[in-house]
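Asker: Provided below are the primary sequence and the corresponding predicted coordinates.
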Amino acid sequence: MANIKEMAAHSQIDPRFGSGHSLCRGCGIPSIVRTVLSSIPGPVAVINATSCLEVATTRYPFTAWKIPWMHVAFENSAAVASGVEAAYHALKARGELSEPMTLVVFAGDGGTYDIGLQALSGALERGHRFIYVCYDNEAYMNTGIQRSSATPFGASTTTSPAGRAAMGKPEPRKNIVEIVAAHRIPYVAQAAMSHWQDLSNKVQRAYHAEGPAFLNVLSACPPGWGHEPRDAVRVVRLAVDSGYWPLVEVIEGHWRLSYRPSERVPVMQWLTLQGRFRHLFQPDQEEALEKIQTIIDDEWERMTQRDAQSASWFASEQARRWEVLPTLPDSWEPRLGEPMWEHFRKTPNPA
Amino acid sequence: MTPRLPFHTPGVDLHHLRVITGAQGVAHAMRQIDPDVFPVYPITPQTPIIQTLSQFVADGLCHTHVLDVESEHSAMSAAVGAALAGARTMTATASQGLALMVEVIYLAASLRAPVVIAVGNRALSGPINIHGDHSDAMLARDSGAIQIFAETAEEAYDFTIIGTKLAEHKRILLPVMVGLDGFTITHSAEPVALLPDSAVKDFVGPYAYPSPLLGNQAGTYGPFSMPDSYFDLKYQEIEAVEAALEVFELVAEEFFRLSGRRYQAVEAYRLEDAEAALVMMGSHSGTAKEVVDKMRDQGTRVGLVEIRLYRPFPRHAIEQALAQVPRVAVLDKASSPGTLPPLFLDVAASVANTSKLVSVIYGLGGRDVPMAGLQDILEGVLADRFPPREPGYLFGNKVWHKEGKSWPI
Ligand SMILES: Cc1ncc(C[n+]2csc(CCOP(=O)(O)OP(=O)(O)O)c2C)c(N)n1
Ligand code: SF4
Ligand SMILES: [Mg+2]
C-alpha cells in the first residue's frame, strides 16, 4: 500500500501529469489522474479518449503529460490500447523493450458506458492487459453537460432538462461495474475521488492483475453538477456515505465492499448540495425523491448481500495474493519529457 | 494481338509462379513482410485475405499477431495504436467495413500512422451488395490516405509490397490503401509471380518508425488543436500526401530493379495518335486493353489511360497523357448523386480543355462490364454522341443517357 507521502514523493520525483492544464476549479479529474499514476511503479503509457481530460491537457503545442500519451478518438480508446498492447508484445519479443510497462486508459463515462462500450467489451473479452480507468462525472461534460447512461435518475442535464413537464432524466443509471464484471476479467472496482487511499489500493491491485482491470471512479464536476468548486470532495464523499456510490471490488468474480460507512447518511444530504437535483425539492416531487432513495437502498442491499456471500473466499489462500501489493520504489529516475512530437513542425512561412 | 501475361517480365524466377487469387496474393505479400500486428474484422470479399494469413500464422510461416477485434472501427483504431507504438501494422477490409473505418483513417493520416490497408473494393449498401465497385474507396478519398488500385492479382501482390515501403517512407508516414476489385481480383485465380521471401523482407526492411510511443520517455500523440494550429498541422499532412507522387515513383523504380515489373502512377496504353481514349482504374482496365487492341487491329485509333495511384492524384501525368487526345471518356465505378462522379472530376481538374471529356458510370454493384460496352463508349466518344456534363450509364452493351427518357430503359 502506498501512503500519501510515498505518492507525493513519487509524483515529485517522477512527475507524470503536470500543472498548466485547463480543467475547471474543483474538477475531480486531475486528482484521480494523479492518484492513479502515482500509485503505479515503473513506466506507464496512457491512452486517452476524447473528453474533458484530453481537451484540457493537450492544447497544442502544450501538454500536461510527461509520459507517453496518445489520443485517437472518443469511442475507441480500448481498441487503441489493444493495438498498443499487441505492439508492446511484438517489441518485447524482438528485444526492443527491456522494461515492463503499464498501459492505462482514461476515458469519461460517455466514452465508456455509451459510445465506447463495444470497444471496451471487445478488449476485455480478448484479455488485453491494461488498467482502464473510467472517470465518471455522470454526463457528457466536455460538450456541455448532456445526459449519458451514467446520469442518475432525476438529474437535470442540458438534454434531460427539468421543466414544467419533466423532472430531469427519467431513467436510472446503467450499472457499468456489473457489465464489466460479467466479462469475468480478473479485477473490477468502483472508487471515488474523495477516498484516495481506497483508490490507490485499487490501482495497485489492478496493476497486479494479469489481464484487464477496470476502475469506475466518481469524479466531481462543479459546472455539471451545480455545486461550489470547494465542495467537490464533500459532494463525492456524501455520494459514498449515502450508499449511492458503493466502493466495491470484484476480484476474480468475488464482490466485496472495500469501505462501509459506519452509518449511511440520507441521500437528501447529497442531493441538496447539487443544482442538477434542485427541481426535486419543489413541492409534489416527493415521489421522485422516494424513488431515488429506493434505488439506492435496493442497490446497497444487493451489494451487502454479495459482500456477505464472498466473505469465505476473501478469507481463503487464493484471495491472499491480492493483498500483496507492489510498493513504489524509493528512488526514481527523473524523466524530462519532450513537450511535443517531433513531426509537428512549424509550417514554413511562405513569405 | 500479343497476349499480355503478368509474368512475362524479365528477371522473374519462374519457380515462384503460382496460380492464386488476388486475395491470396495479398496474403502472401503479408506473410513475406511479416507485420507485427494485423487487427482485422471479416467482410466479403476481404475474408480470403485474413483467412489465408491466419492460416500462414497457424502454420508458423510468419509471426504476425492476428488481432481479431470486434469491429472495423476497432480494427483501424488498434492499427493506429500499434503503428504509432512502434510495430509494423496492416489490416484489410471492404465496403461497410471501410465505411466504419473512415473516421479512424482520417486520424491515421493526421497522426501519421503508416498502416497498409488492403481493400477488396466492394459496393456500399444500400441495397446491400457484396460485389465489386469503387464506392467504398471514395469514402476515404479525402482522408489523407494514399490509394493505389490494382489491375490484376499480380498487382495486388506487388502493391502490397510497394505500399508498405511507400507508407513507411520517412517523407510519407501515411496509411496506404491497396485496392483490389472485389471478386474480379480478390477471388479470381491468375498467374502471380511471387518474389523470394528474403527479397521482399530486404526490400521493405525493418519497421523503423521515428519516435514511437513505446520506448519513449514522453510524447503527446494526438493533441487537441485550435484554429491557431489545426490548419498548419493539416498543411503538413497535405504536404506529405503530395510527396507521395514523387516517392511512389522512387519506390516503384526500386521495385522494378528487384522484380522486373515496372509501375507508373499513370499508364498510357496505346495513346500514340489516338483519336479517343478511356480513363479508368482497377480490374476492368484489363478488359479495356483488350478492347483497345481489338479496335486498333480494326484500324480505329483508340487508347487507354489507366490510373494506379489515385491519391495523391497524378494531375500532371494525366495532363500530359491526355494532351494530344481529342476525345476522352472517364469511367467511374462509383457515383456521386447530384453531380459528376469523382474520377471524372479529378480528371477534369487536371486537363486544360475539359470540353473533350465525357463521363460514364459503369459496373456499380458488380454489374458486368462487357467488351462490347467499352467499345460502345469508345465509338460513342468518337462519334461525339455523348452530351457534355451529363454522365452516361453502362447498363449493358450500350451506354444509356437520360436525355428526356425515363426509367426503365
Ligand atoms: C464520434 C464522436 N461523437 C461525438 C463526439 C463529441 N464529444 C466529444 S467529448 C464528448 C463527451 C465526452 O463525455 P465523457 O466521456 O463523459 O467525458 P467528459 O466530457 O465528461 O470528461 C462528446 C459527446 C466526438 N468527439 N466523437
Ligand atoms: S466541465 Fe466538469 S469534468 Fe470538465 S473540466 Fe470542468 S469540472 Fe472537470
Ligand atoms: Mg462524463
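Answerer: Now that the structure is in, tell me what you want to look at. Ligands and ions are numbered 1, 2, ... in the order given.

Asker: helices along chain A, start to end?
Answerer: A:4-13, A:29-37, A:52-57, A:77-93, A:109, A:117-126, A:176-181, A:196-208, A:222-225, A:232-241, A:267-272, A:286-314, A:317-320 (DSSP state H).

Asker: what ranges of chain B fall below the confidence cut-off?
Answerer: Within chain B, the set of residues satisfying pLDDT under 70 comprises B:1-15, B:406-409.

Asker: state which one residue of it is found closest to ligand 3.
Answerer: Nearest residue of chain B to ligand 3: B:Phe224, at 16.5 Å (CB to the ion). Any C-beta I mention is one placed from the backbone N, CA and C, and that applies to glycine too.

Asker: quickly list what that residue is bridged to.
Answerer: A:Arg59 (DSSP bridges).

Asker: so how far is B:Arg112 from it?
Answerer: 17 Å (CB to CB, to the nearest Å).

Asker: who has more neighbours out of the two?
Answerer: Ranked by neighbour count (other CB atoms under 10 Å in any protein chain shown), B:Phe224 and B:Arg112 place B:Arg112 first, with 23 against 18.

Asker: the nearest residue to that one once chain neighbours are set aside sits in which helix or strand?
Answerer: Once flanking residues are discounted, B:Arg112 sits nearest to B:Leu173: 4.1 Å by CB to CB, 6 or more residues apart in numbering or on different chains. For B:Leu173, there is no host helix or strand (DSSP states H and E).

Asker: what's the spacing between B:Leu173 and B:Val305?
Answerer: Taking CB to CB, one finds B:Leu173 at 30 Å from B:Val305.

Asker: swap in B:Met280?
Answerer: Between B:Met280 and B:Val305 the computed distance is 8 Å (CB to CB).

Asker: of these two, which one has the most company?
Answerer: B:Met280 (29 against 25).

Asker: for that one, phi and psi?
Answerer: Dihedral pair for B:Met280: phi -160, psi 180, per degrees, to the nearest 10.

Asker: please tell me I have it right and it contacts B:Ala288.
Answerer: Yes - counting by CB atoms under 8 Å, B:Met280 does reach B:Ala288; the two are 6.2 Å apart.

Asker: rewinding a little: pretty sure the residue of chain B closest to ligand 3 sits against A:Cys52.
Answerer: No - the pair B:Phe224 and A:Cys52 fails to qualify as a contact (CB under 8 Å) at a distance of 10.7 Å.

Asker: what's the longest helix in chain B?
Answerer: Ordering each helix of chain B by length in residues (DSSP H) puts helix B:230-259 first.

Asker: any buried residues in it, and which?
Answerer: For helix B:230-259, burial by neighbour count (16 or more other CB atoms under 10 Å in any protein chain shown) applies to B:233, B:236-237, B:240-241, B:244-245, B:247-249, B:251-252, B:255, B:259.

Asker: try stretch A:54-72
Answerer: A:54-72.

Asker: before we move on, what about stretch A:277-297?
Answerer: A:277, A:279-280, A:285, A:288-289, A:292-293, A:295-296.

Asker: circling back to that earlier point, got any residues that touch both of B:Met280 and B:Ala288?
Answerer: Overlap of the contact sets of B:Met280 and B:Ala288 (by CB atoms under 8 Å, 6 or more residues apart in numbering or on different chains) consists of B:304, B:306, B:331.

Asker: nearest to ligand 2 among these?
Answerer: The closest of those to ligand 2 turns out to be B:Leu331 (CB to the nearest ligand atom; 51.8 Å).

Asker: using PDB, list the CA coordinates for the helix or strand hosting that closest one.
Answerer: B:Leu331 is part of strand B:327-332 when elements are defined by DSSP H and E. Provided in PDB are the C-alpha atoms of strand B:327-332 (Å, rounded to 0.1, in the frame of the first residue of the first chain):
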ATOM      1  CA  ARG B 327     -11.800  12.900 -77.100                       C
ATOM      2  CA  VAL B 328     -11.800  11.200 -73.700                       C
ATOM      3  CA  ALA B 329     -14.400   9.200 -71.700                       C
ATOM      4  CA  VAL B 330     -13.700   9.000 -68.000                       C
ATOM      5  CA  LEU B 331     -15.100   5.800 -66.500                       C
ATOM      6  CA  ASP B 332     -16.200   5.800 -62.800                       C
END
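
Asker: which other residues reach the helix or strand just after that strand?
Answerer: Next in sequence after strand B:327-332, counting helices and strands by DSSP H and E, comes helix B:342-348. Here helix B:342-348 makes contact (CB under 8 Å, 6+ apart) with B:138, B:141, B:279-281, B:307, B:310, B:313, B:315, B:318, B:322, B:328, B:330-332, B:334, B:336, B:339-340, B:354, B:357, B:359, B:391.

Asker: can you select the buried ones among the residues you listed for me in ChimeraX?
Answerer: Written as a ChimeraX command, the selection of buried residues from these, which uses 16+ other CB under 10 Å, is:
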select /B:138,141,279,280,281,307,310,313,318,322,328,330,331,332,334,336,340,357,359,391
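
Asker: buried stuff in stretch B:376-393?
Answerer: Buried residues in stretch B:376-393, counted by 16+ other CB under 10 Å: B:376-378, B:380-382, B:386, B:391-393.

Asker: just the residues you listed now: which is nearest ligand 2?
Answerer: Nearest to ligand 2 among the buried residues of stretch B:376-393, with distances taken as CB to the nearest ligand atom, is B:Pro391, at 49.5 Å.

Asker: residues contacting A:Phe74?
Answerer: A:49-51, A:110-111, A:115-116.

Asker: and which of those residues is nearest to A:Gly226?
Answerer: Lowest distance from A:Gly226 to the contacts of A:Phe74 (CB to CB) belongs to A:Gly110, with 18.7 Å.

Asker: show the pLDDT at that closest one.
Answerer: At A:Gly110, the model reports a pLDDT of 98.

Asker: list the residues that contact it.
Answerer: By CB under 8 Å, 6+ apart, A:Gly110 lies in contact with A:51, A:74, A:116, A:139-140, A:148, A:150.

Asker: mind putting those residues in TSV, pLDDT and distance to B:Ala145 included?
Answerer: Compiled in TSV, the contacts of A:Gly110 are given as follows (pLDDT from 0 to 100; distance: CB to CB, whole Å):
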residue	pLDDT	distance to B:Ala145
A:Ser51	98	26
A:Phe74	98	21
A:Gly116	98	24
A:Ala139	98	35
A:Tyr140	98	30
A:Ser148	98	32
A:Ala150	98	35
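
Asker: ok, which of the residues you listed also contact ligand 1?
Answerer: A:51, A:74, A:140, A:148 (CB under 6 Å from any ligand atom).

Asker: which of those residues sits closest to chain B?
Answerer: Of all the ones next to ligand 1 among the contacts of A:Gly110, chain B sits closest to A:Phe74, with 9.3 Å by CB to the nearest CB.

Asker: now the closest one: closest residue in space, sequence neighbours ignored.
Answerer: Going by CB to CB, 6+ apart, A:Phe74 has A:Thr50 as its nearest residue, at 3.8 Å.
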